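> Sequence and predicted structure are below.
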Amino acid sequence: MSYVPLWALFVALIILLILSAFFSGSETAVIALNRYRLRHLMRAGHRGAQLAERLLKRPDRFIGIVLLGSTLANAFATALATLIALRIGGNSAVLVATILIALLVLIFGDLAPKTLAALHPEKLAFPAVFILTPLLWILYPIVWTVNTIANGVLRLFGILVNSPTIHSMSQEELRTVVMEAGGLVPKRHQRMLLSILDLEKISVEDIMVPRNEISGIDISAEWDEIMAQLRTSQHTRLPVYEGSIDHVLGFMHAREFLHLLMHQEPTRELLREILREAYFVPEGTPLQRQLLNFQAVKRRIGLVVDEYGDIQGLVTLEDILEEIVGEFTSDPAAQQNDIYKEADGSYLVNGSTNVRALNRIMKWQLPTTGPRTLNGLILEYLEAIPQPGTSLKLAGYPLDIVQTSGSAVKTVRIFPQIEVTLEKPKM
């Protein structure tokens, strides 16, 4: 090649370095593409995304064409550098040229383009696939031969290249994506999405109204007492039972009872006729499943029962929705009968208050993995029935026992967490 001008050899060397950078950067860019965004763009009709998805379906072929191009470019670049060294300085310049071309390939052919591709994968990958796709078809015989040999070596180790690779997110990975969405998703929506992911971890007994707090109608009571209860009830749906909640007859809707009042004189028999069959929910049912169950049976309220069929509590559709979107009231703390704010900033809380509801209303972080009520949480922590005046610190919250009754804590004073910053003494 002595007849080729020296400047032409330098131009060819520069072109080979550019090709090396192209293949190296393309490999990193395509592999670094976000698979879920890639599928979204593909469904939206993005041509570059469609070609990239097609290449990634057979990573052995994609890597084969990239490495083939990169290897050939680097090999010819090394040969040209050697030839240029011989033309300029003879045999003594070959070693210097070898070291120099190795540095050029490392910096400009590998490190710089791969770093750029990792930082901006879409900007490099989508234009590159328009070149790589036809190039793969042109050089397919060579790529197929190389891949066949490489795949045969992998089979010796029990690796099947043609087996489909499923890219799916676990629940914890999806949680991380939502939490790191930043300004793309409003904070309130982030909390809602995270709450939806948590529905599988929460069961109906975690949010149910306990058996002893169920508000219902005893049909065997005095009729005047029943009417008074119906007039003052704040609930639109009430369980109706006979004697005790264990003998539930069904649910009564306030609207149907009002319709009954408008047309005729209500009696026990007519009250029985408007009852709707009770709907029972097994304890331990995850909220996600129960939400679907409510939707399937067109119900909004159910009685939670244990394995023996005994009623343990009551759960409503509203309770589940509040786990997702929060309280529906504008000022939850002020409207909760079990939570009273004191002048010193502390809160008097009923011991029977559900811990999850308390956390949701007050934005606290009390433990929810154990007992469901504040009373149970305190008893588990102390392993004894505390006396009024007892103070403790639970999950960073100072608590004072205000009132006890028998074997339960009735009223607790809770002080919100206060961060204390200790200043260094001045020297």
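Okay, I see it.
> how about the strands in the protein?
Applying DSSP state E to the chain gives strands spanning 209-210, 217-218, 237-242, 244-253, 280-282, 301-305, 311-316, 339-341, 347-350, 391-394, 397-405, 408-414.
> domain assignment for the chain?
6-155, 204-325, 332-414 (automatic domain parsing).
> what would these look like in a markdown table with mean pLDDT, mean neighbour count and distance to L174?
Every C-beta, even on glycine, is put in place using the N, C-alpha and C of the backbone. Shown next, in a markdown table, are the domains of the chain (pLDDT from 0 to 100; neighbours: other C-beta atoms under 10 Å; distance: least, C-beta to C-beta, whole Å):
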| stretch | mean pLDDT | mean neighbour count | distance to L174 |
| --- | --- | --- | --- |
| domain 6-155 | 86 | 17 | 10 |
| domain 204-325 | 87 | 15 | 14 |
| domain 332-414 | 84 | 16 | 21 |
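> Adding distance to D198, write these out as CSV.
Shown next, in CSV, are the domains of the chain (distance: least, C-beta to C-beta, whole Å):
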stretch, distance to D198
domain 6-155, 22
domain 204-325, 8
domain 332-414, 10
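> quick one: which of the ones you listed is nearest R188?
domain 204-325 (8.6 Å; C-beta to C-beta).
> Do me a favour and get the end-to-end distance for the closest one?
17 Å (C-alpha to C-alpha, to the nearest Å).
> and what of stretch 395-411?
18 Å.
> Then stretch 401-415?
Stretch 401-415 stretches 12 Å from its first residue to its last (C-alpha to C-alpha).
> again with stretch 236-253
End-to-end distance for stretch 236-253: 6 Å, by C-alpha to C-alpha.
> Touching it from outside, list them.
211, 214-220, 230, 254-255, 271-272, 274-279, 300-301, 303, 310-311, 314, 316 (C-beta atoms under 8 Å, 6 or more residues apart in numbering).
> Now distance to N375 too, for the strands of the chain, in a markdown table please.
Formatted as a markdown table, those follow (distance: least, C-beta to C-beta, whole Å):
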| stretch | distance to N375 |
| --- | --- |
| strand 209-210 | 11 |
| strand 217-218 | 26 |
| strand 237-242 | 24 |
| strand 244-253 | 21 |
| strand 280-282 | 24 |
| strand 301-305 | 19 |
| strand 311-316 | 15 |
| strand 339-341 | 14 |
| strand 347-350 | 9 |
| strand 391-394 | 12 |
| strand 397-405 | 9 |
| strand 408-414 | 5 |
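> Select, out of those, the one closest to T148.
With C-beta to C-beta as the yardstick, what comes closest out of the strands of the chain is strand 280-282 (56.6 Å).
> Which strands and helices lie in contact with the closest one?
Where contact means 3 or more C-beta pairs under 8 Å, 6 or more residues apart in numbering; DSSP states H and E, strand 280-282 is packed against strand 301-305.
> Just the CA coordinates for the strand it packs on, please, in CSV.
The C-alpha trace of strand 301-305 is given here as CSV (Å, rounded to 0.1, in the frame of the first residue of the first chain):
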residue,chain,number,x,y,z
ILE,A,301,-70.7,-4.0,53.7
GLY,A,302,-69.9,-7.4,55.2
LEU,A,303,-69.5,-9.2,58.6
VAL,A,304,-66.1,-10.7,59.2
VAL,A,305,-66.2,-14.3,60.6
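> which other residues reach it?
Contacts for strand 301-305 (C-beta under 8 Å, 6+ apart): 204-205, 208, 237, 239, 248, 251, 278-283, 290, 294, 311-317.
> Check stretch 121-140 too.
Contacts for stretch 121-140 (C-beta under 8 Å, 6+ apart): 22, 25-26, 28-30, 32-34, 46, 48-49, 51-52, 54-55, 61-62, 65-66, 68-69, 116-117, 143.
> try it again with 7 Å
Under the criterion C-beta atoms under 7 Å, 6 or more residues apart in numbering, residues 25-26, 29-30, 32-33, 48-49, 51-52, 55, 61, 65, 68, 116-117, 143 lie in contact with stretch 121-140.
> Geometric centre of the protein: which residue is closest?
Among the residues of the chain, the one closest to the centroid is R175, at 2.4 Å (C-alpha atoms, centre = their mean).
> I figured it hits I196, correct?
No. The criterion here is C-beta atoms under 7 Å, and R175 misses it with I196 at 10.4 Å.
> got a list of what V349 touches?
By C-beta under 7 Å, 6+ apart, the contact list for V349 reads 338-339, 358, 374, 412, 414.
> do I202 as well
286-287, 323.
> longest helix of the chain?
helix 59-89 (DSSP state H).
> other SSEs contacting it?
Applying 3 or more C-beta pairs under 7 Å, 6 or more residues apart in numbering; DSSP states H and E, we find helix 59-89 packed against helix 6-31, helix 94-104, helix 121-138, helix 140-155.
> can I get the CA coordinates of the third one in CSV?
What follows is the C-alpha trace of helix 121-138 in CSV, where atoms were taken according to Å, rounded to 0.1, in the frame of the first residue of the first chain:
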residue,chain,number,x,y,z
PRO,A,121,-29.5,5.7,25.6
GLU,A,122,-32.6,6.7,23.6
LYS,A,123,-30.8,9.5,21.7
LEU,A,124,-28.1,7.0,20.5
ALA,A,125,-30.0,3.7,20.3
PHE,A,126,-33.0,4.7,18.1
PRO,A,127,-30.8,6.2,15.3
ALA,A,128,-28.3,3.4,15.6
VAL,A,129,-30.9,0.6,15.0
PHE,A,130,-31.7,2.0,11.6
ILE,A,131,-28.1,1.1,10.6
LEU,A,132,-27.7,-2.1,12.6
THR,A,133,-30.9,-3.7,11.3
PRO,A,134,-30.0,-3.7,7.6
LEU,A,135,-26.3,-4.4,8.5
LEU,A,136,-27.5,-7.5,10.3
TRP,A,137,-29.3,-8.8,7.2
ILE,A,138,-26.2,-8.1,5.0
